[in-house]
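A.B. asks: When you get a sec, could you give me coordinates for this:
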Amino acid sequence: MPEISADSELRDVAEQMSAQARTFLSTTSQVASGGFPGAELSLLILATSDLLAAGARLAAITDVVPVERFEPDAGRETDMDPLRIALAQMFDGFDDYVEVSDPVLSADVAPAALSGDLACVADEIAKGLQHFDDGHELEGLWWWQFSYLSSWGERASSALRVLQGVLAHLRLDVADDVAAEAEYDALHA
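C.D. replies: Numbering: from 1, shown residues only. Reported below is the predicted structural model:
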């Protein structure tokens, strides 16, 4: 399969996506292992929003279509269960949420899990990264674009909304007596 030429705009998009994929995978793994106590939500918000920005670039370009109409074997599947389980333990108490299944076609709600969303995203971008690292840059780019539109873009968007919501609750929800005291102090300062 011909790969992306060195001066191609697609090469720039593929390299940017590769860098964002690596950052997301690294950050998510380090957070899940307990590497950033107290900064977990903020770091996941940053990594997820940066990855979504890279995904938006994939959606903005024309469809990537490899010359060969088959997907080369990317090798062994990455087991995301340990990541999902570690995140579920970290998110205990707010991992599960509900969302509108397809806001364009229906108002039906369905259960979802933040840990499952992030593990799904990690799995999809890792598969594209395997192709990219194996020298199949065009195949990797195709996979990232296809899976952004079909799965990881939506899952990452949902995860980002939940992460931001949880962070907002942690920072803004205060007891009435604390809020009244802060208001009194502000008025009399």
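A.B. asks: L163 sits in which helix or strand?
C.D. replies: Taking DSSP states H and E as the criterion, L163 maps to helix 153-172.
A.B. asks: What's the first helix or strand after that helix?
C.D. replies: In N-to-C order, the element after helix 153-172 by DSSP H and E is helix 176-187.
A.B. asks: how many degrees apart are that following helix and helix 153-172 in direction?
C.D. replies: 70 degrees (axes from the mean of the first three to the mean of the last three CA atoms, to 10 degrees).
A.B. asks: Can you name the next helix or strand after the longest helix along the chain?
C.D. replies: Taking DSSP state H as the criterion, the chain has its longest helix at helix 9-32. The first helix or strand that comes after helix 9-32 along the chain, using DSSP H and E, is helix 40-60.
A.B. asks: Look up how far A126 lies from S18.
C.D. replies: 11 Å (CB to CB, to the nearest Å). Every residue, glycine included, has its C-beta placed from N, CA and C.
A.B. asks: ok, back up a step: please list the outside residues in contact with the helix holding L163.
C.D. replies: Applying CB atoms under 8 Å, 6 or more residues apart in numbering, the contact partners of helix 153-172 are 41-42, 44-45, 48-49, 51-52, 55, 59, 94, 97, 99, 112, 114, 117-118, 120-121.
A.B. asks: Pull out the buried residues from that helix.
C.D. replies: The neighbour-count check on helix 153-172 (16 or more other CB atoms under 10 Å) flags G153, E154, R155, A156, S157, S158, A159, L160, V162, L163, V166 as buried.
A.B. asks: Among those, which pair sits farthest apart?
C.D. replies: Taking every pair in these and measuring CB to CB, the maximum separation is 20.7 Å, between G153 and V166.
A.B. asks: what's the weakest-modelled helix or strand in this structure?
C.D. replies: helix 176-187 (a mean of 74; mean pLDDT, DSSP states H and E).
A.B. asks: That helix - contacts with which helices or strands?
C.D. replies: Contacts defined by 3 or more CB pairs under 8 Å, 6 or more residues apart in numbering; DSSP states H and E place helix 176-187 against no helix or strand at all.
A.B. asks: With just CA atoms, put it into CSV.
C.D. replies: Provided in CSV are the C-alpha atoms of helix 176-187 (Å, rounded to 0.1, in the frame of the first residue of the first chain):
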residue,chain,number,x,y,z
ASP,A,176,-25.0,26.6,52.6
ASP,A,177,-23.2,27.8,55.8
VAL,A,178,-19.8,28.0,53.9
ALA,A,179,-21.5,30.0,51.0
ALA,A,180,-23.2,32.4,53.5
GLU,A,181,-20.0,33.0,55.3
ALA,A,182,-18.1,33.7,52.1
GLU,A,183,-20.9,36.0,50.9
TYR,A,184,-20.8,37.9,54.3
ASP,A,185,-17.0,38.2,54.1
ALA,A,186,-17.1,39.5,50.5
LEU,A,187,-19.8,42.1,51.4
